[in-house]
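Colleague: Got a predicted structure here, sequence first:
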Amino acid sequence: MCPADEHLQGNHSEDAPVPAPAAASHQGGSNKASRQHKRGRGGGGAGNGQGRSQNSQPAPSSAPPASESFHPLTSEEFVDTHTHLHWAVERIPQYKHLSPTEAINRLRHEHFPKNFHACVNVLCDVLSFTSLTNEWQSLVDSCDFMYIAAGLHPHYADQYSETVSHDLQTISTHPRFIALGEIGLDYNRNLSPPEVQKSVFTSQLLLALSLSKPIILHTRDAESDTLQILTSILPPTTTIHVHCFTGTAGFVKSMLDYFPNSYFGFTGVITYESVAELQGVVRDVVPLDKILLETDSPYMPPLVVVEGQAKGKKGKFSQCGDIPVVARKIAELKGVDVDVVMRAARENTRRVYGI
């Protein structure tokens, strides 16, 4: 997904996109200034709890991401199916003098295990894929392990315009563009009006159909409307990645009934102590052959049990090297070895994205 509501992380929810720059509004054609969406406790804080504009950056963390990258839990190859590495590197002060490409390649070298194969880097706000078009293209061309997806996050639905649609179509011509998204509905905070969200979601679904690409779905507190729109537009053969899934068992069953090619992405949220209901859904409802592994980096850092400590600890942010930690928790819930989960997720990634 995109930078999201970081204050919700302890609540087992996913993050939202960073505020985009000024863009033509969906309601009318005039430009309007980018809103600084207040995310995070008290409207402040680091990460996706804090808005940013073209001239402001998230406060960097004081240390690189904490993971088990150098103590791998498994040697099975993996793909991070949803990440925002262009935002993750902004959190590392040691990288501030580097270009985004240099920083991401250094992050990979220093923190990703040898069994990391690739990632899907998701562009989901106007700033990422409109104003910085040349930057994202340079980034993906310089990182041979990176594939891209793009789509306007529902928080920014009121910034959708013909220009945004055109930019998405331009990005879709890149040979490593593999999905449209993340797109969908988010009623948790209604940062864009629900009716605007539904209209923009519909427009982007039609674009995805014209591109014959998988859809990365973001849905929060909007399962009923999400299903209604999906079933009214998409053929049942559509491939859908339900990103950072934190929803209900009923939604899983409905998606698999209507869209058998649906897959469900799980992040570090699955390791949190507060998500017993979600863990039950993973254990009892979502089959292994429908699971994808993702970090939503830099959001949703997994809870890692540190030797000698009674309780687990979350890092300051997540990165691709945390995928095995997510897989380990799913394996624990399913009662199988971590390698079983890793192999299943790897095969599912090939089915969905061809990588």
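Modeller: Noted; the coordinates are in hand.
Colleague: Who are the contact partners of residue 108?
Modeller: Neighbour list for residue 108: 116, 143, 145, 320 [criterion: C-beta atoms under 8 Å, 6 or more residues apart in numbering]. Yep, even glycine has a C-beta here, placed from its N, CA and C like the rest.
Colleague: And for residue 192?
Modeller: The contact partners of residue 192, by C-beta under 8 Å, 6+ apart, come to 154, 155, 156, 157, 158, 200.
Colleague: rerun that using 6 Å as the cut-off
Modeller: 157, 158 (C-beta atoms under 6 Å, 6 or more residues apart in numbering).
Colleague: any idea how far residue 241 is from residue 75?
Modeller: Separation of residue 241 from residue 75 (C-beta to C-beta, to the nearest Å): 25 Å.
Colleague: Where neighbours are concerned, which of the contacts of residue 108 has the most?
Modeller: If you count neighbours using other C-beta atoms under 10 Å, the busiest of those is residue 320, which has 29 neighbours.
Colleague: Of residue 241 and residue 75, which one has the most company?
Modeller: Between residue 241 and residue 75, counting by other C-beta under 10 Å, residue 241 is the more crowded of the two (28 against 11).
Colleague: I'd like to know how far the more buried one sits from residue 149.
Modeller: Distance of residue 241 to residue 149, given as C-beta to C-beta: 9 Å.
Colleague: again with residue 243
Modeller: With distances taken as C-beta to C-beta, residue 243 is found 10 Å from residue 149.
Colleague: Give the other helices and strands that the longest strand along the chain contacts.
Modeller: In the chain, with assignment by DSSP state E, the single longest strand is strand 177-186. In terms of contacts (3 or more C-beta pairs under 6 Å, 6 or more residues apart in numbering; DSSP states H and E), strand 177-186 is packed against strand 146-150, helix 194-211, strand 215-220.
Colleague: rerun that using 7 Å as the cut-off
Modeller: strand 116-123, strand 146-150, helix 194-211, strand 215-220, helix 223-233 (3 or more C-beta pairs under 7 Å, 6 or more residues apart in numbering; DSSP states H and E).
Colleague: Between strand 116-123 and the second one, find me the angle.
Modeller: Taking axes from the mean of the first three to the mean of the last three C-alpha atoms, to 10 degrees, strand 146-150 and strand 116-123 form an angle of 30 degrees between their directions.
Colleague: starting at the chain centroid, how far to strand 146-150?
Modeller: Relative to its parent chain, strand 146-150 has a centroid offset of 11 Å by C-alpha atoms, centre = their mean, to the nearest Å.
Colleague: Keeping just the C-alphas, turn the next helix or strand after that strand into PDB.
Modeller: Downstream of strand 146-150, the next assigned helix or strand under DSSP states H and E is helix 162-171. What follows is helix 162-171, C-alpha atoms only, in PDB (Å, rounded to 0.1, in the frame of the first residue of the first chain):
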ATOM      1  CA  GLU A 162      -7.300  13.200 -16.200                       C
ATOM      2  CA  THR A 163      -3.600  14.000 -15.700                       C
ATOM      3  CA  VAL A 164      -3.300  11.300 -13.000                       C
ATOM      4  CA  SER A 165      -5.100   8.800 -15.200                       C
ATOM      5  CA  HIS A 166      -2.700   9.700 -18.100                       C
ATOM      6  CA  ASP A 167       0.300   9.300 -15.800                       C
ATOM      7  CA  LEU A 168      -0.800   5.900 -14.700                       C
ATOM      8  CA  GLN A 169      -1.200   4.800 -18.300                       C
ATOM      9  CA  THR A 170       2.300   6.100 -19.000                       C
ATOM     10  CA  ILE A 171       3.800   4.200 -16.000                       C
END
